[in-house]
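Enquirer: Next one to model:
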Amino acid sequence: MTPNSRHISVLVADDSAFMRTALRRMIESDDALRVVETACDGVDALAKIHKLRPDVVTLDIEMPRLNGLNTLKHIMQQCPCPVIMVSSLTQEGAQVTLDALDLGAFDYISKDLSYASLDIIKIRKELIAKIKAAASSATFADPPAISQLPSVAFSQNPVHARARAPEIVCIGTSTGGPKALQQLLPTLPASFPTGILIVQHMPPGFTGPFAQRLNTLCKIHVREACDHDLIEPGVALIAPASWHMLPFRSGNRAFVQLTKEPGDTLHRPAVDVTMLAAASAFGPATLGVIMTGMGDDGARGMKAIHDCGGYTIGQDQASCAVYGMPRSCAELGLLDSVVPLDALGHAIMHHCRSSRPALATAPLH
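Expert: Numbers count the residues shown, from 1 in each chain. As a prediction, the model looks like this:
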């Protein structure tokens, strides 16, 4: 969208007339958005994208003649623009959606868009927010001038030096997170000295396949968390969709508890809930990492980690698909280091390499 444009232009591609109408109504309920055209299949979508050059495309995965994945490949090769996939919440739908994110899709939205759904208001808000985030995404915008890039800090600030090496790493992310995590986690060695807790905003059915995919790419072990899983070095636990993940200590070991409470958070799992619990359980031995994502989930948690003497790292603006979550922490002065995605693994290791090989048995001070 150009600076003088009144609307963000959207093209909706779906083989269902009902879905095209439902999506149009949701999108145009916001005055800043306008559906410039709809398409009934991938071939139709490509022709209209070439002609109209919309700011954002919503793309159904299952379409005749040319399915969503193949259409996405052509879009990224011929006329790159932000694409939001419309996905079914099934095991197969999750796998294909993850493939789409690998191919360059900006994000995805649930296909359960029936106006009979009790979640219709939440889904409409999510769709509108993702379209706006996609339209302003740095991925498809002109790169910022060198003078506008944030400074990069790799070493600890001596004024904020830690007496204790990290015993746990908490990572929070949302939009753009699946691709970012696939770049970050494979850089960590099998001998990674602490446990890792990851909160990635995802719908039910997605976190399991995502964890499996990460596990095939990484030297560390990655899996979807189960209630009372042991937190151990070299293992990354991903909070399952619809469940908060809370770390807690028991003697000289630590575990995670899965819970539905608190029930009033915007997201479940919420980054804040996990980080607040980590700060309480591990105190200054906590390392918090905030990555790409919309909104401000994680700001309260990163503040708790910062205030108790833990270390905090934020992904820089230039490498974020959406700079919302790191920005909220940066503006509050909560980040000890700000690094690009391709250096994030190095920054984490820099602060963990002196950690003990297992959780400390001594009480927190």
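Enquirer: centre of the chain versus stretch 262-281, how much separation?
Expert: 15 Å (C-alpha atoms, centre = their mean, to the nearest Å).
Enquirer: residues contacting the spatially most central residue of the chain?
Expert: For the chain, the residue nearest the mean C-alpha position is residue 174 (2.2 Å; C-alpha atoms, centre = their mean). Residue 174 makes contacts with 200-201, 267, 292-295, 297, 322, 324-325, as judged by C-beta atoms under 8 Å, 6 or more residues apart in numbering. Quick note: C-beta positions are derived from backbone N, CA and C, even for glycine.
Enquirer: Put the alpha carbons of stretch 281-288 into PDB.
Expert: Extracted C-alpha coordinates of stretch 281-288, given in PDB (Å, rounded to 0.1, in the frame of the first residue of the first chain):
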ATOM      1  CA  ALA A 281      10.700 -20.200  39.600                       C
ATOM      2  CA  PHE A 282      14.200 -19.400  38.300                       C
ATOM      3  CA  GLY A 283      14.700 -15.700  39.100                       C
ATOM      4  CA  PRO A 284      18.000 -14.300  37.800                       C
ATOM      5  CA  ALA A 285      18.800 -17.700  36.200                       C
ATOM      6  CA  THR A 286      16.200 -17.000  33.500                       C
ATOM      7  CA  LEU A 287      17.000 -16.000  29.900                       C
ATOM      8  CA  GLY A 288      14.000 -14.500  28.000                       C
END
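Enquirer: Give me the residues contacting it.
Expert: 162-170, 172, 194, 247-249, 254, 275, 278-279, 298, 301-302, 305-306, 308-313, 348, 351-352, 360, 364-365.
Enquirer: and the one helix or strand residue 208 maps to, what does it pack onto?
Expert: Using DSSP states H and E, residue 208 sits in helix 207-217. When contacts are defined as 3 or more C-beta pairs under 8 Å, 6 or more residues apart in numbering; DSSP states H and E, helix 207-217 packs onto helix 91-103, helix 177-184, strand 221-224, strand 235-238.
Enquirer: can you do 6 Å?
Expert: Packing contacts for helix 207-217, counted by 3 or more C-beta pairs under 6 Å, 6 or more residues apart in numbering; DSSP states H and E, involve strand 221-224.
Enquirer: and the strand it packs on, which strands flank it?
Expert: Strand pairing for strand 221-224, determined by DSSP bridges: strand 235-238 (parallel).
Enquirer: Now the element after the partner strand, going C-ward?
Expert: Proceeding N to C from strand 235-238, the next assigned helix or strand is strand 244-250, under DSSP H and E.
Enquirer: Counting by contacts, list what that following strand packs against.
Expert: Using 3+ C-beta pairs under 6 Å, 6+ apart, strand 244-250 sits against strand 253-259, helix 271-282.
Enquirer: Just say which of the ones you listed is most tucked in.
Expert: helix 271-282 (a mean of 25; mean count of other C-beta atoms under 10 Å).
Enquirer: can you pull the contacts of residue 79?
Expert: If a contact means C-beta atoms under 6 Å, 6 or more residues apart in numbering, then residue 79 has 49-50 as its contacts.
Enquirer: sorry, that was for residue 179
Expert: Going by C-beta under 6 Å, 6+ apart, residue 179 touches residue 101.
Enquirer: just residue 198 next, same as before
Expert: With C-beta under 6 Å, 6+ apart, residue 198 has these contacts: 171, 236, 238.
Enquirer: and which of those residues is nearest residue 95?
Expert: Nearest to residue 95, judged by C-beta to C-beta, of those is residue 238 at 15.8 Å.
Enquirer: Would you agree the closest one is in contact with residue 212?
Expert: No - contact criterion C-beta atoms under 6 Å: residue 238 and residue 212 do not qualify, at 10.0 Å.
Enquirer: Quick check on those two: which one has the bigger neighbour count.
Expert: Set residue 238 next to residue 212 and count neighbours by other C-beta atoms under 10 Å: residue 238 wins out with 25 against 14.
Enquirer: Model confidence for the more buried one, exactly?
Expert: On the pLDDT scale, residue 238 is placed at 98.
Enquirer: how far away is it from residue 11?
Expert: 33 Å (C-beta to C-beta, to the nearest Å).
Enquirer: Also residue 130?
Expert: Going from residue 130 to residue 11 by C-beta to C-beta gives 15 Å.
Enquirer: that older thread, leaving out sequence neighbours, find the closest residue to the residue nearest to the centre of the chain.
Expert: residue 293 (2.9 Å; C-beta to C-beta, 6 or more residues apart in numbering).
Enquirer: cool, residue 328 as well?
Expert: residue 296 (3.7 Å).
Enquirer: Pop the domain breakdown of the protein in here.
Expert: 8-135, 148-352 (automatic domain parsing).
Enquirer: starting at the chain centroid, how far to the first one?
Expert: Averaging C-alpha positions (C-alpha atoms, centre = their mean) puts domain 8-135 19 Å from its chain's average.
Enquirer: Thanks a lot, see you next time.
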